[in-house]
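> quick one, what's the 3D model for this:
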Amino acid sequence: MTVFQIDQAKEVSPRAYLVCVATGRESHPDAPEELTELVRSDGLDPVGMMLAKRDKPDPATYLGSGKIEELKFEVEECAAGLVVFDVALTAAQQRNIERAVGVPILDRTQLILEIFQRRARSKEGRLQVELARLEHLSTRLVRGWTHLERQRGGLSKTGGPGEKQIELDRRMIGVRIKQLREQLKKLSRQRDTQRKSRHRGEIVSLSIVGYTNAGKSTLFNTLTKSAVYAENQLFATLDTTARRCYVGDGESVVLSDTVGFIRGLPHQLVEAFKSTLDETVHADILLHVVDASSIAKDDQIVEVNKVLAEIDAHEIPAIIVLNKIDQTDLEPEILRNAHGEIEAVRVSALKNIGLDLLREAILEKAREIKEQNKSVPREPEQWEYEVE
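Numbering: from 1, shown residues only. Okay, here's the model as predicted:
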């Protein structure tokens, strides 16, 4: 167990104490730095961190009673107002830790959901985040309503016991979830219409994917000469944006910027954002942006591929874009496999290094896709049938 202080000099509220736990053989070298950035992205001030390792989680408190006592002491020393765990806790574990430590507990799932809620700007984005939060909440409702354990139904003594408060809450959440899904279906149909209009023009579509803060929005802005919000922070943008992008020799493609992925991305978020991530599923080519300067780039590639598999986008042809080479000793270059096929391109989107090579790679890949599409008979879509 290692304990160290991050920043005790700053008196900024709310002060958060961080707990970074490695379980079993799982090891993420960038986990402490990533957790710190996540906490700051949520508007919290990290004032200390505990690094712990366990063979398996303790069923009651995840860390075990001895470590929880140590955590309580550290929280009091740092005068922290809450504790943030870098793992997903069960409802029981969260309650037990709160009782023992005496401050609110936030786990990784709740932290990411809060950040998404802060960053969502479009109507669709806000609906998706609300749906994810409610679905997460519905799995964590427990018998904690001591103030109103049972409501009475009927009149006077003739009425039997009414519904418990927890049942009322579940019903209200269920109704709201149904409403949100219906609204998102309507927005999804609008997105499908826009996508079909692009395909009618036979324009190759590309979707930018990657780990959060790998530089996706910066790359998108540079390639399309747009002004999508891009900052050096986790989940700077959540809303999908599509723009036409000229790649040379009279060829243009449609480029879409999507939400960033992260280790332990809550399943509820993946489900809620599926209509947005459909841009990825229906893309002809993926630009998988990787932070070439990160010590955890290999792990981040694995995590992105996991989410791509979850949304059935793992078989789409991809170009790996090794970004931020200005922070390394790498040179801009197109990397090919033994068969001469493009695998990766080294660039710096911020410094505009190697982007001509990337456009060249996109052009080559787009023409390959067009040739493949010509050789495959296209099935007529529903809108193409004539009504007699």
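> hey, let's count contacts and neighbours off CA atoms from now on
OK.
> can you give me the strands for the stretch 101-250 of the chain?
Secondary structure of the stretch 101-250 of the chain, counting by DSSP state E, counting those that start in this stretch: strands at 105-106, 205-210, 241-248.
> Val307: which of those is closest?
Among these, the nearest to Val307 by C-alpha to C-alpha is strand 205-210 (9.9 Å).
> would you map out the domains in the protein?
For the chain, automatic domain parsing gives the domain ranges 2-106, 202-375.
> which one of those domains is the most hemmed in?
Greatest average neighbour count among the domains of the chain goes to domain 202-375 (a mean of 19), per mean count of other C-alpha atoms under 10 Å.
> quick one: low-confidence parts of the stretch 101-250 of the chain?
141-166, 191-201, 227-240 (pLDDT under 70).
> can you tell me what sits against stretch 206-214?
Stretch 206-214 is contacted by residues 216, 220, 232-236, 253-262, 279-280, 283-291, 300-301, 303-304, 323 when judged by C-alpha atoms under 8 Å, 6 or more residues apart in numbering.
> quick one: Ile342 from Arg99, how far?
55 Å (C-alpha to C-alpha, to the nearest Å).
> repeat for Lys185
Lys185 is 41 Å from Arg99, by C-alpha to C-alpha.
> returning to that earlier point: from the contacts of stretch 206-214, which land in helices?
With DSSP state H as the criterion, helices contain 216, 220, 279-280, 300-301, 303-304 from among these.
> excluding sequence neighbours, find me the nearest residue to Leu308.
Leaving aside its chain neighbours, Leu308 sits nearest to His314 (5.0 Å; criterion: C-alpha to C-alpha, 6 or more residues apart in numbering).
> assumed that neighbour was part of a strand.
No - going by DSSP: H, G, I helix; E, B strand; the rest coil, the assignment for His314 is coil, not a strand.
> surely Leu127 meets Lys178?
No - in this structure, Leu127 is not within contact of Lys178 by C-alpha atoms under 8 Å, at 11.7 Å.
> and these two? which has more neighbours close in?
The neighbour count for Leu127 versus Lys178, taken as other C-alpha atoms under 10 Å, is higher for Leu127 (21 against 11).
> quick one, what contacts the residue lying closest to the more buried one once chain neighbours are set aside?
Counting by C-alpha to C-alpha, 6+ apart, Leu180 is the residue found nearest to Leu127 once chain neighbours are left out, at 6.4 Å. Neighbour list for Leu180: 127-128, 131 [criterion: C-alpha under 8 Å, 6+ apart].
> for Leu180, give its distance to Glu130.
8 Å.
> shared neighbours of those two, anything?
By C-alpha under 8 Å, 6+ apart, no residue touches both Leu180 and Glu130.
> convert the C-alpha atoms of stretch 94-108 to CSV, please.
Taking Å, rounded to 0.1, in the frame of the first residue of the first chain, the C-alpha atoms of stretch 94-108 are listed here in CSV:
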residue,chain,number,x,y,z
GLN,A,94,-20.4,1.9,-1.4
ARG,A,95,-22.7,2.2,1.6
ASN,A,96,-20.3,0.3,3.9
ILE,A,97,-17.3,2.5,2.9
GLU,A,98,-19.4,5.7,3.4
ARG,A,99,-20.4,4.6,6.9
ALA,A,100,-16.8,3.7,7.8
VAL,A,101,-15.0,6.7,6.4
GLY,A,102,-17.8,9.3,7.1
VAL,A,103,-17.7,11.1,3.7
PRO,A,104,-19.6,10.5,0.4
ILE,A,105,-18.1,7.9,-2.0
LEU,A,106,-17.9,8.1,-5.8
ASP,A,107,-16.9,5.1,-7.9
ARG,A,108,-15.5,5.2,-11.4
